[in-house]
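A.B. asks: quick one: sequence and predicted model below, then my questions.
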Amino acid sequence: MRYFIKILTLTILITSCGQTDTKQKELELKERELALKELELVLKEKDTNNLRADQVNVAPEVSYKSHTPCTFSVSLPSNFKLQAMYDDKSADYCDYSVKTKDEFEIIQLHSLLSSRFEFNSIKELYDAAINKSELDISYKTQKGNWFVISGTKKENGNTVYWKRVSGNSFISDLHIEYPKSHESEIAPYITTISNSFTSK
């Protein structure tokens, strides 16, 4: 009888231990599942943040309008406003500004008779522009009849993008300047605007 009781007690203990082990394993599995879910949430948040950062320089779908107000031609987003900087007009030069939809002036466009410049080639103008630049230059290139210089303005930290084109009779400048707070309004469109900019 005592032997039977001992066997029964041992069986109960083994069964109890087995149940305890099973519960322990179930808890461990649940903890692992929770940890995996937390990790998935963290990864999703990182992906979302990266997407937001990338979207700053991704151009949304916009329509462009071509402008040839004087001796240059340029395509601008249709919600940008092009206007003459001065009331007086001259056959020798023209100056225009461009504002975003919230009236922030972000682009200036200038054109002047080539004869007003003392130069032999666009390369000469390019070298002079680099030597006199007040920018921390991050990008510069000269090809064909044009050059581009861009960087950060030392005095205020604004981003500046400058393209100069030497046409048959005029030299025209596209000058874009903006602070960090307006980057999303112009940065996605700079390439299209710059590629469209030509001089007569």
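C.D. replies: Happy to help now that I have it.
A.B. asks: what segments of this protein are helices?
C.D. replies: Applying DSSP state H to the chain gives helices spanning 2-55, 122-132, 183-186, 190-196.
A.B. asks: please enumerate residues in contact with the last one?
C.D. replies: It refers to helix 190-196. Helix 190-196 is contacted from outside by 59, 64, 66, 73-76, 107, 148, 161, 163, 174, 176, using Cβ atoms under 8 Å, 6 or more residues apart in numbering. Where you see a C-beta, it was placed from the backbone N, CA and C, and this is true even at glycine.
A.B. asks: got the domain ranges for this structure?
C.D. replies: When the chain is parsed with automatic domain parsing, its domains come out as 1-55, 64-199.
A.B. asks: pLDDT on the shortest one, on average?
C.D. replies: Across domain 1-55, the average pLDDT comes to 49.
A.B. asks: equivalent analysis for the longest one, please.
C.D. replies: Mean per-residue pLDDT for domain 64-199: 92.
A.B. asks: Phe80 contacts Phe104, correct?
C.D. replies: No. The criterion here is Cβ atoms under 8 Å, and Phe80 misses it with Phe104 at 10.3 Å.
A.B. asks: so between the two, which is more surrounded?
C.D. replies: Phe80 (20 against 14; other Cβ atoms under 10 Å).
A.B. asks: leaving out chain neighbours, which residue sits closest to that one?
C.D. replies: Val98 (5.3 Å; Cβ to Cβ, 6 or more residues apart in numbering).
A.B. asks: partners of the one you found in the sheet?
C.D. replies: Leu82, Ile107 (DSSP bridges).
A.B. asks: and what of Ser199?
C.D. replies: Phe72.
A.B. asks: over to His67?
C.D. replies: With DSSP bridges as the rule, His67 is bridged to Val74.
A.B. asks: I'd say it and Ser78 touch.
C.D. replies: No. His67 is beyond contact range of Ser78, at 10.8 Å (criterion: Cβ under 8 Å).
A.B. asks: neighbour count for these two, which is higher?
C.D. replies: Relative neighbour count places His67 above the other of His67 and Ser78, with 17 against 10, counting by other Cβ under 10 Å.
A.B. asks: ok, that one - contacts?
C.D. replies: Residues near His67 by Cβ under 8 Å, 6+ apart: Ser73, Val74, Ser75, Leu76, Leu82.
A.B. asks: go on, Phe119?
C.D. replies: Phe119 is in contact with Leu125, Ala128, counting by Cβ under 8 Å, 6+ apart.
A.B. asks: again, 7 Å this time
C.D. replies: Phe119 is in contact with Leu125, counting by Cβ atoms under 7 Å, 6 or more residues apart in numbering.
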